[in-house]
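A.B. asks: pasting the structure only:
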């Protein structure tokens, strides 16, 4: 009954309203982005991503729970010996909005994301034409019904597949990259009166019925904002991802399962990731500020199941894994010189996302054959699209790091805007390699069986510089040029678990400086 309650409530609210069509509008977006990424990724295939490579095989980490049965695996190389990635993305959206009487609106949006050259259907050598690959083309990105002033209240109700976006995209955004969009199958209620706005939603992220009775992944939240004054705006929120998919280390008979129950093994509760947080922002004269802070807690079985330690209990992951103690913070203050030409704005800020790396082992743990694994969790950035370091390949998924940034923006003309940003980034909790010799890109462990004898990776990922130039040709067409350069730190060679919310390895085989550039056109109609 729990899983059907939000649906029942929504149906009761909407009822069987009858409305007549009043107005229909059509719009869309065409985005083209040419990307150039040298000296960063492993070799691979555009559209499928870089090929994961083993940086340290599992045999180097006896009695250590690494989180992967293969050992340490990474997709980044940071070497000028690897291939340059250069390709063009095309994102196309077409939407139709229908307004009816009684404050009823229907909205549907079609979306397609493509890589140039992946769907061409003619072979120029033989002249033979084949079928294009249409399996990854047009899909329904959004499709929802909306009622405003529901029951005469300042209440908007939206039911269906829809984008969600809150604040400055710190945790929930409508994109995963500049050109790739996401949407949620959700019920969302928005209550807005005077200076107060409260959003509440329930979203279905995965549906596994009837395979399991309670096995879905749901996303709930309440997000409230109060505008006290231009100098102070506040938001408070709570979000919950509940993942009840079954997690099992073994499939044993009733005797084996009984022994596991007696020993407290293979007993995973549903993953419950709670996030509570606040946002403070405002402007006082020429000074502006924005602060996002969030804390996470809950069971993390979906992470813990991967952390198996080669030992007597080597079949079992960490069924006590928790998110407890994870913090996320982003803060920035800026000052705009309105009385100076080009209206320069200078800013200083930073970010911190906590993480832990429990992939090492102590001498006493190494001696104890019954010692059970402990998972490593980091702050989960949920569905953010904030990219703190494009050259370092953040893409909204880096965690277990801290950053200090500063820079300035200029507005030379009404149509032209320029950003220059400088920053440095460090890993918080570093990874421990077995003590080894290193010759060029090769590691030679000295005594990996002595798992407690290790050497920590460097934490400095490097100094990162960005430049963005945005030119608004008119109100519909925008051109954006981006260039970023990384002066690599030793951490990109040593490697730490900062990708994938602290679950994926960031190190490569070298520490070459890296670049990243793109040219992006956006046409809205």
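C.D. replies: Everything's here; your move. Fair warning: this is a prediction, and the values are worked out from it, not measured in the lab.

A.B. asks: Would you mind listing where the stretch 51-200 of the chain has pLDDT under the threshold?
C.D. replies: Applying pLDDT under 70 to the stretch 51-200 of the chain flags the ranges 132-136.

A.B. asks: now do the chain
C.D. replies: Using pLDDT under 70, the flagged stretches of the chain are 1-19, 132-136, 312-313.

A.B. asks: So which residues of it form helices?
C.D. replies: Ranges of helices in the chain, per DSSP state H, are 5-14, 254-263, 301-304, 363-367, 491-494.

A.B. asks: Run the chain-centre distance for the second one.
C.D. replies: What separates the centre of helix 254-263 from the centre of its chain is 38 Å, taken as Cα atoms, centre = their mean, to the nearest Å.

A.B. asks: name the helices or strands packed onto it?
C.D. replies: Contacting helix 254-263 under the criterion 3 or more Cβ pairs under 8 Å, 6 or more residues apart in numbering; DSSP states H and E is no other helix or strand. C-betas here are computed from N, CA, C, even on glycine.

A.B. asks: Identify the residues contacting stretch 297-306?
C.D. replies: Applying Cβ atoms under 8 Å, 6 or more residues apart in numbering, the external contacts of stretch 297-306 come out as 67-68, 240, 243, 245, 247, 249, 268-274, 317-326, 375-377, 503.

A.B. asks: which residues touch residue 333?
C.D. replies: 287, 288, 289, 347, 348, 349 are the contacts of residue 333 under Cβ under 8 Å, 6+ apart.

A.B. asks: Next up, the contacts around the fourth one.
C.D. replies: Listed by Cβ under 8 Å, 6+ apart, the contact set of residue 347 reads 332, 333, 334, 335, 405, 406, 407, 408, 409.

A.B. asks: of all the residues you listed, which comes closest to residue 25?
C.D. replies: Residue 25 has its nearest neighbour among the contacts of residue 347 in residue 409, at 33.2 Å by Cβ to Cβ.

A.B. asks: Please report how far residue 173 lies from residue 238.
C.D. replies: Separation of residue 173 from residue 238 (Cβ to Cβ, to the nearest Å): 18 Å.

A.B. asks: Show me which of those two is the more surrounded one.
C.D. replies: For residue 173 versus residue 238, the count of surrounding residues by other Cβ atoms under 10 Å is larger for residue 173: 21 against 14.

A.B. asks: Give me the distance between the residue nearest to that one when sequence neighbours are not counted and residue 227.
C.D. replies: Leaving out its chain neighbours, the residue that sits closest to residue 173 by Cβ to Cβ, 6 or more residues apart in numbering is residue 385, at 4.0 Å. Distance check for residue 385 against residue 227: by Cβ to Cβ, it reads 24 Å.

A.B. asks: More neighbours: those two, which one.
C.D. replies: residue 385 (20 against 14).

A.B. asks: Touching, the more buried one and residue 176? I think so.
C.D. replies: Yes: Residue 385 sits in contact with residue 176 when judged by Cβ atoms under 8 Å, with a separation of 6.0 Å.

A.B. asks: Now do the shared contacts for these two.
C.D. replies: With Cβ under 8 Å, 6+ apart as the test, residue 385 and residue 176 both reach residue 396.

A.B. asks: Neighbours of residue 21, how many?
C.D. replies: Counted with other Cβ under 10 Å, residue 21 comes out at 11.

A.B. asks: List the beta-bridge partners for the closest residue to it other than its chain neighbours.
C.D. replies: Excluding the flanking residues, the one nearest residue 21 by Cβ to Cβ, 6+ apart is residue 100, at 5.6 Å. Residue 100 has the following beta-bridge partners by DSSP bridges: residue 21, residue 104.

A.B. asks: how many neighbours does residue 100 have?
C.D. replies: Neighbour number of residue 100 under other Cβ under 10 Å is 17.

A.B. asks: What residues does it make contact with?
C.D. replies: Residue 100 touches 19, 20, 21, 22, 106, counting by Cβ under 8 Å, 6+ apart.

A.B. asks: Next one: the second one relative to residue 139, how far apart?
C.D. replies: This points to residue 20. 30 Å.

A.B. asks: Who has more neighbours out of the two?
C.D. replies: Using other Cβ under 10 Å as the criterion, residue 20 and residue 139 rank with residue 139 on top: 12 against 8.

A.B. asks: Could you check how far that one is from residue 30?
C.D. replies: Going from residue 139 to residue 30 by Cβ to Cβ gives 16 Å.
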